[in-house]
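Colleague: Here is a sequence with its predicted model. Questions after.
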Amino acid sequence: MAKKLISSVRGMNDILPEQTPVWRYFETVIRQVLDSYGYQEIRLPMLEATDLFNRSIGEVTDIVEKEMFSFTDRNGDNLTLRPEATAGCVRAGIQHGLFYNQIQRLWYIGQMFRHERPQQGRYRQFHQIGAEIYGIEGPDIDAEIILMTARFWRQLGLDNLELQINSLGSTEARVKYTQQLVDYFSAYHDQLDDDSQRRLRTNPLRILDSKNPQMLPLIKTAPQLLDCLDTESQEHFAKLRELLDQTGIKYRVNPCLVRGLDYYNRTVFEWVTEYLGAQGTVCAGGRYDSLVEQIGGKATPAIGFAMGIERLVLLLLQSDLPMPNNAPDAYFILVGNEQVTKQGMYLAESLRDALPNLRLVMNCGEGSFKSQFKRADKSGAKLALILAEDELANQKITLKYLREKRPQVILAQSELINYLKNLD
RNA sequence: GUGAGCGUAGCUCAGUUUGGUAGAGUCCCGGAUUGUGAUUCCGGUAGUCGUGGGUUCGAGUCCCAUCGUUCACCCCA
């Protein structure tokens, strides 16, 4: 009898036709901006050797410890569905020699996988668009990608995002600072909440990010990362700020801004919104100057960012911005004998030959005039093309405007292409 | 991984207090209108009430378990 229904895997969502127009719109806008900055697309596998992530993201991060979809394949190889794309991008660059005395501006799009408990804006399969730039040491490229992300939001019409920036300093300075922080918080160990006590062992910088208001006083008087920066990082950060100031872009220096992944150094930044509940970070990135070498390549400065498409689509849907739809331009109504269907198909194909951008839906599956008109209306088409036995006999076609008050038009079939060509 | 809320028609939900034949709107189909949608009116299709146990003469309703889902913690894009 009825079989048990198989549903999608927890946290892995179908994106239904109702939503895909917004996704396509979003992706189109982002691609245009990336193109305008001369970035090149790279397409990367979703599956990588597990070791790649162990070596790059950081052994003690939550992602590696408990959020990866890992398995052993038939050969006994340990593989992982990528939780992020930076590691794979670095791997690909090394493997194909892309970093050899070259500057690369790359971008990618695709799904990522993390085994987290799903909630608003957080899913086990989610989509990111990101960019990775290799071979540029100076703060000019830091400014470029921040300005480019700002342009994304302008092009999309989103104006409710806040830019936060910070510098983590050199890897050495960061290690030194982390030790200072551990010393400081250890002195107040009993006042720390359970989460922060755990972070003290796993990721001390994260304590600064705590949402628990009771932690605030302790965090306020903690040593500041920006005070512990090495001289070069201080200069780098100062120059970045000058570049940003000059372009008039608004930002907030957030000394508590850290990254979840271990490989970051110097510049880090985040675009944040208050409108998505707990998952307010919509785009984030930073420098990772030591990662290429760490994975086995020649030392190469690098910076990148990633944005969560689900979160940005949610923001777009929440906004008052007009969203595109994929409504056809015309719906072809066919009523009558087989000759009508044959002539209708022929006409439709010749329309598509002459007008490749015309979006024309044929009525298939027959139906009465009434039901075909209902389908035409529901499709959102501006225009109904009507071919029935009368029109067939006289080599005519009837046009009816479905969205505006205009009289019906009866044309010779031979005039149809020209008539439609001159529509808006 | 922890906590709380919610699972009743394709969709949005009422019904649970006080156990007694399964409801509404919407969608879809048909008709009023035999060549015209969107509005209006009439009719129709549609549910093992998440699943499995238990209590009871009788469970959508009470009890237990389990699964799913949403939000928050955590984590992060």
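Modeller: Ah, there it is.

Colleague: what number of residues lie near A:Ile295?
Modeller: Residues near A:Ile295, counting by other Cβ atoms under 10 Å, number 17. C-beta here means a position set from N, CA and C on the backbone, and glycine is covered the same way.

Colleague: Excluding covalently adjacent residues, which one is nearest to it?
Modeller: Once flanking residues are discounted, A:Ile295 sits nearest to A:Val90: 5.3 Å by Cβ to Cβ, 6 or more residues apart in numbering.

Colleague: In what element of secondary structure is the one you found found?
Modeller: Taking DSSP states H and E as the definition, A:Val90 sits inside helix A:86-95.

Colleague: how about the CA coordinates for the following helix or strand past that helix, as PDB?
Modeller: Elements were assigned by DSSP H and E; along the chain past helix A:86-95, the next helix or strand is strand A:104-113. Output for strand A:104-113, consisting of C-alpha atoms alone and laid out as PDB, is shown next (Å, rounded to 0.1, in the frame of the first residue of the first chain):
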ATOM      1  CA  GLN A 104      44.500  36.200  -8.800                       C
ATOM      2  CA  ARG A 105      41.000  37.600  -8.100                       C
ATOM      3  CA  LEU A 106      38.700  34.700  -7.900                       C
ATOM      4  CA  TRP A 107      35.100  34.200  -7.000                       C
ATOM      5  CA  TYR A 108      32.800  31.100  -6.500                       C
ATOM      6  CA  ILE A 109      29.200  30.200  -5.800                       C
ATOM      7  CA  GLY A 110      27.900  27.000  -4.300                       C
ATOM      8  CA  GLN A 111      26.500  25.000  -1.500                       C
ATOM      9  CA  MET A 112      28.300  24.400   1.800                       C
ATOM     10  CA  PHE A 113      27.500  21.800   4.500                       C
END
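
Colleague: now what about the lowest-mean-pLDDT helix or strand in chain A, what contacts it?
Modeller: For chain A, using mean pLDDT, DSSP states H and E, the weakest element among its helices and strands is helix A:62-66, scoring a mean of 76. Contacts with helix A:62-66, where a contact means Cβ atoms under 8 Å, 6 or more residues apart in numbering, come from A:53-54, A:57-59, A:83-84, A:114-115, A:260-261.

Colleague: Tell me the spacing between A:Gly336 and A:Ala384.
Modeller: Using Cβ to Cβ, to the nearest Å, we find A:Gly336 at a distance of 15 Å from A:Ala384.

Colleague: Any part of the helix holding A:Val90 near RNA strand B?
Modeller: No - among the residues of helix A:86-95, none lie within reach of RNA strand B under Cβ under 7 Å from any atom of the strand; the closest is 8.2 Å away.
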